[in-house]
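Student: what follows is a predicted structure for the sequence shown.
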Amino acid sequence: MAVIFTGLGIWIAGKLTKPKVETRVVEKEVYIIPKETFTINTQQLETLEITKRELEILQFMALGHTNQEIASELFVSVSTVKSHNQNLFAKLEVQRRTQAVGKAKRLGLVP
């Protein structure tokens, strides 16, 4: 009986700790959207002139992906990802990935 409850507890813990993220493909663009409702601040996107590709990379950064993982996911080279990173850093007026993600969250660009 204890084995059943232990197994059930492990299963429930796994369900509670899994990230609630879904991926949608819209017009051949991949957007990663949390299942909770989140609306991107499009006014800030326009003001900062952040491109669709830069937004995709910013979303992957916010999820903790490395440059290599982002490159593989988007089928581009690592140097292309680094180039987009530098453009994002300049537009967000930051110097590091963590700063970029933090500012993007405050501006409503990523959840």
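Tutor: Arrived safely, thanks for sending. Numbering: from 1, shown residues only.

Student: check contacts around Lys105.
Tutor: Lys105 is in contact with 62, 111, counting by C-beta atoms under 8 Å, 6 or more residues apart in numbering. Every C-beta, even on glycine, is put in place using the N, C-alpha and C of the backbone.

Student: what are the buried residues along the host helix or strand of it?
Tutor: Using DSSP states H and E, Lys105 sits within helix 97-107. For helix 97-107, the neighbour count (16 or more other C-beta atoms under 10 Å) marks 97, 100-101, 103-104, 107 as buried.

Student: stretch 67-76 now?
Tutor: For stretch 67-76, the neighbour count (16+ other C-beta under 10 Å) marks 67, 70-71, 73-74 as buried.

Student: any weak-confidence spans in the protein?
Tutor: Where the chain drops to pLDDT under 70, the residues are 1-36.

Student: okay, strands next: where are they in it?
Tutor: For the chain, the strands defined by DSSP state E occupy 21-26, 29-34.

Student: find the nearest non-adjacent residue to Ile50, please.
Tutor: Lys91 (6.0 Å; C-beta to C-beta, 6 or more residues apart in numbering).

Student: who are the contact partners of the one you found?
Tutor: Contacts of Lys91 by C-beta under 8 Å, 6+ apart are 48-50, 54.

Student: out of those residues, which are buried?
Tutor: 48, 50, 54.

Student: you'd agree the last one is up against Ala90?
Tutor: No: with contact taken as C-beta atoms under 8 Å, Glu54 and Ala90 are classed as non-touching, separated by 10.6 Å.

Student: thank you kindly, that will do.
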